[in-house]
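Chemist: Predicted structure and sequence below. I'll ask about it afterward.
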Protein chains: 2
Amino acid sequence: MTDDDRTKTAVGDGSPDTVEAAIVQAARELLAEGGVKALTMEGVARRAAVAKTTIYRRWRSKEELALHVVLEMTNAVVSTPAAADTRSSLVELLDGAVTILRTTLMGQVMRGLASDLATDRSLGRAYQDRVVTLRKSRLADLVQRGVSLGELSPDCDVDLLHDLLFGPVYYRLLMGDGAFAADSASRIVDAVLPAFAARPATEQDRPPRP
Amino acid sequence: MTDDDRTKTAVGDGSPDTVEAAIVQAARELLAEGGVKALTMEGVARRAAVAKTTIYRRWRSKEELALHVVLEMTNAVVSTPAAADTRSSLVELLDGAVTILRTTLMGQVMRGLASDLATDRSLGRAYQDRVVTLRKSRLADLVQRGVSLGELSPDCDVDLLHDLLFGPVYYRLLMGDGAFAADSASRIVDAVLPAFAARPATEQDRPPRP
DNA sequence: TGCACTACGCTACGTATCGTAGCGTGGGAC
DNA sequence: GTCCCACGCTACGATACGTAGCGTAGTGCA
């Protein structure tokens, strides 16, 4: 919705992005400092030195602003190259999420937004479309590669694998102590992967891999 | 709004349990209907036909009341017998959680409370002490039995196993579509268990995975 | 230059909620 | 009969959401 409104023909005060950037920056800071509870429209307006009405002209509600911040942060997450073998690729993918949650405001933001994402239909939808689906498709690519490499079983369930990999991470973030060991990702992958690995080549029901 | 008016004729009975039970019941209903956002002290007071001050004489804040509801609901969850083999026991334990989340208000309540549990320190602490720790100790018992039965590896990490089992469930509840297939628990267990299973004695030492 | 448009600032609402304070009252305990 | 405690009720003060109305400055255009 806000994206549509942003088609302002550069008529503004010569700096069309400045106001929006200030708002988003202020929202990000407040989210980082005190979670969603600290994210108040009045606080954002104050910190961004902007009228409250200006915020509402761009986002219809506090939740939309929060979602904007989240989606903007996740845009930096998608980049995930593929390593040589499947296991390393999966570790890399998962560790990307872990690192983001550990080292950026993303963890704090996710903690505060979890209920809204789970409750508000449109927010949850947006998050799924922009983040979960993206991760699943990335994961699907890796799986397909792993299958063709003979490292993964052909009947590998991507959705299940996705939940098994990322579920523990978010669970620990939300309901656990929120502390991640440095090797969290690899430990999770190693625990989950055997169930999806291709049968050892000792069987004869499959042609041997190259 | 929905049904608001439950005329405020005084309860009169004065039975100390009656008032508290009415409050908790009202809170439970509101939580189930609309998550934490629907849980307002004024709404609880209205529905319970109780003065708002009466609620505050028993709980210091809205969060404490919400936590009371959650903990009360989880008290019914702990009962988990142990089946014959380890796999069945784990499936049973996990399926208990899945069933509660699927068929009771617990799922809705958890959705609404997730952020508060993750954000509020005392709430999260209480939830961990009363629920997570309980589940982990239950799981530890099963693991110990499994090890002594020769079904699990002796160096099985209970904390990791716990996160791997329950993480996907909560992840799906909060960030996924929230729909659970009937065999969710067994599929998760089957996917995770091989990594923790004891090596069959018949299998000779195999080459390490690439 | 003058006009329209647009985005913004500012003030002031109306509503909802939290949590608190003060006062009144009725039913048991003694 | 008296006292006390738990409750009900009203009224706050504070904070926040989201909206409405009005004024203004910069910009494009004639």
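Modeler: Done, it's in. These numbers come from a predicted model, not from an experiment.

Chemist: When you work out contacts or count neighbours from here on, use the C-alpha atoms and nothing else.
Modeler: OK.

Chemist: what does the helix or strand encompassing A:Val91 rub up against?
Modeler: Element membership of A:Val91 [criterion: DSSP states H and E] is helix A:86-103. The set of residues external to helix A:86-103 that reach it, using Cα atoms under 8 Å, 6 or more residues apart in numbering or on different chains, is A:77, A:80-83, A:106-108, A:139, A:142-143, A:145-146, A:151, A:165-166, A:169, A:179-180, A:184-186, A:189-190, A:193.

Chemist: Those residues, buried ones only, as a PyMOL selection?
Modeler: Per 16 or more other Cα atoms under 10 Å in any protein chain shown, the buried members of those correspond to this PyMOL selection:
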select buried, chain A and resi 77+80+82+106+107+108+139+142+143+145+146+151+165+166+169+180+184+185+186+189+190+193
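
Chemist: Go through the contacts of helix A:86-103 and flag which are in helices.
Modeler: Residues of the contacts of helix A:86-103 located in helices (DSSP state H): A:106-108, A:139, A:142-143, A:145-146, A:165-166, A:169, A:184-186, A:189-190, A:193.

Chemist: filter the contacts of helix A:86-103 by proximity to chain B?
Modeler: A:165-166, A:169, A:190 (Cα under 8 Å from any Cα of the partner chain).

Chemist: Mind picking the two most distant members of those residues?
Modeler: Maximum pairwise distance among those (Cα to Cα): 14.1 Å, between A:Val169 and A:Asp190.

Chemist: and A:Val69, how many residues sit next to it?
Modeler: 18 (other Cα atoms under 10 Å in any protein chain shown).

Chemist: Name the residues that touch the longest helix anywhere in chain A?
Modeler: As assigned by DSSP H, the longest helix anywhere in chain A is helix A:16-38. Contact partners of helix A:16-38, identified using Cα under 8 Å, 6+ apart, comprise A:8, A:10, A:39, A:43-45, A:47-48, A:50, A:55, A:65-66, A:69, A:105, A:108-109, A:111-113, B:119.

Chemist: Only whichever of those residues are buried, select them in ChimeraX.
Modeler: Buried subset of those, written as a ChimeraX selection, criterion 16+ other Cα under 10 Å:
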select /A:39,44,45,47,48,50,55,65,66,69,105,108,109,111,112,113 /B:119
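
Chemist: circling back to that earlier point, with distance to A:Trp59 and pLDDT added, can I get the ones next to chain B among the contacts of helix A:86-103 in CSV?
Modeler: Converted to CSV, those look like this (distance: Cα to Cα, whole Å; pLDDT from 0 to 100):
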residue, distance to A:Trp59, pLDDT
A:Leu165, 34, 97
A:Phe166, 30, 96
A:Val169, 30, 97
A:Asp190, 43, 95
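
Chemist: Next, find the distance separating A:Arg130 from DNA strand C.
Modeler: Taking Cα to the nearest atom of the strand, to the nearest Å as the measure, A:Arg130 falls 26 Å from DNA strand C.

Chemist: where does that residue land in three-state SS?
Modeler: Here A:Arg130 is helix, with the state taken from DSSP: H, G, I helix; E, B strand; the rest coil.

Chemist: mind checking pLDDT for it?
Modeler: The score at A:Arg130 is 86. That number is its pLDDT.

Chemist: wait, it sits on A:Leu71?
Modeler: Yes. Applying Cα atoms under 8 Å as the test, A:Arg130 and A:Leu71 come out as touching, 7.1 Å apart.

Chemist: neighbours around A:Asp17, how many?
Modeler: A:Asp17 has 12 neighbours, counted by other Cα under 10 Å.

Chemist: do the one 3 residues further on as well
Modeler: Here the neighbour count serves as a burial measure; for A:Glu20 (other Cα under 10 Å) it reads 17.

Chemist: That one and DNA strand D, how far apart?
Modeler: The value you get for A:Glu20 to DNA strand D, if Cα to the nearest atom of the strand is used, is 16 Å.

Chemist: what's the answer for A:Gly35, then?
Modeler: 12 Å.

Chemist: State the number of residues packed around that residue.
Modeler: Per other Cα under 10 Å, the neighbour tally for A:Gly35 reads 22.

Chemist: quick one, what contacts the nearest residue to it once chain neighbours are set aside?
Modeler: Using Cα to Cα, 6 or more residues apart in numbering or on different chains and skipping the chain neighbours, the partner closest in space to A:Gly35 is A:Gly112 (5.4 Å). The contact partners of A:Gly112, by Cα under 8 Å, 6+ apart, come to A:35-37, B:115-116, B:118-119.

Chemist: let's see it at 10 Å
Modeler: Taking Cα atoms under 10 Å, 6 or more residues apart in numbering or on different chains, we find A:Gly112 in contact with A:31-32, A:34-39, A:66, A:106, A:174, B:114-120.

Chemist: Could I get the pLDDT score of it?
Modeler: pLDDT at A:Gly112 comes out at 82.

Chemist: ditto for A:Gly35
Modeler: Per-residue pLDDT puts A:Gly35 at 75.

Chemist: Distance of it relative to B:Ile55?
Modeler: 27 Å (Cα to Cα, to the nearest Å).

Chemist: What of A:His162?
Modeler: For A:His162, the distance to B:Ile55 equals 43 Å [Cα to Cα].

Chemist: rewinding a little: is it correct that the residue nearest to A:Gly35 falls within a strand?
Modeler: No. Residue state for A:Gly112 (three-state DSSP) corresponds to helix; a strand is not indicated.

Chemist: Against A:Ala179, how distant is it?
Modeler: Going from A:Gly112 to A:Ala179 by Cα to Cα gives 16 Å.

Chemist: A:Ser89 too?
Modeler: If you measure A:Ser89 against A:Ala179 using Cα to Cα, the figure is 23 Å.

Chemist: just A:Leu65 next, same as before
Modeler: Between A:Leu65 and A:Ala179 the computed distance is 27 Å (Cα to Cα).

Chemist: and if you look at A:Ala26?
Modeler: Distance from A:Ala26 to A:Ala179, by Cα to Cα: 27 Å.

Chemist: Return the helix holding A:Val91 as PDB; C-alpha atoms alone will do.
Modeler: C-alpha atoms of helix A:86-103 as PDB (Å, rounded to 0.1, in the frame of the first residue of the first chain):
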ATOM      1  CA  THR A  86      24.700 -29.700   0.300                       C
ATOM      2  CA  ARG A  87      25.500 -29.700   3.900                       C
ATOM      3  CA  SER A  88      27.600 -26.600   3.700                       C
ATOM      4  CA  SER A  89      25.000 -24.900   1.700                       C
ATOM      5  CA  LEU A  90      22.300 -25.600   4.300                       C
ATOM      6  CA  VAL A  91      24.500 -24.600   7.100                       C
ATOM      7  CA  GLU A  92      25.200 -21.400   5.300                       C
ATOM      8  CA  LEU A  93      21.600 -20.700   4.600                       C
ATOM      9  CA  LEU A  94      20.600 -21.400   8.200                       C
ATOM     10  CA  ASP A  95      23.500 -19.600   9.700                       C
ATOM     11  CA  GLY A  96      22.500 -16.500   7.700                       C
ATOM     12  CA  ALA A  97      19.300 -16.400   9.600                       C
ATOM     13  CA  VAL A  98      21.000 -17.200  12.900                       C
ATOM     14  CA  THR A  99      23.500 -14.500  12.400                       C
ATOM     15  CA  ILE A 100      21.000 -11.900  11.500                       C
ATOM     16  CA  LEU A 101      18.900 -12.700  14.500                       C
ATOM     17  CA  ARG A 102      21.900 -12.700  16.700                       C
ATOM     18  CA  THR A 103      23.800  -9.600  15.600                       C
END
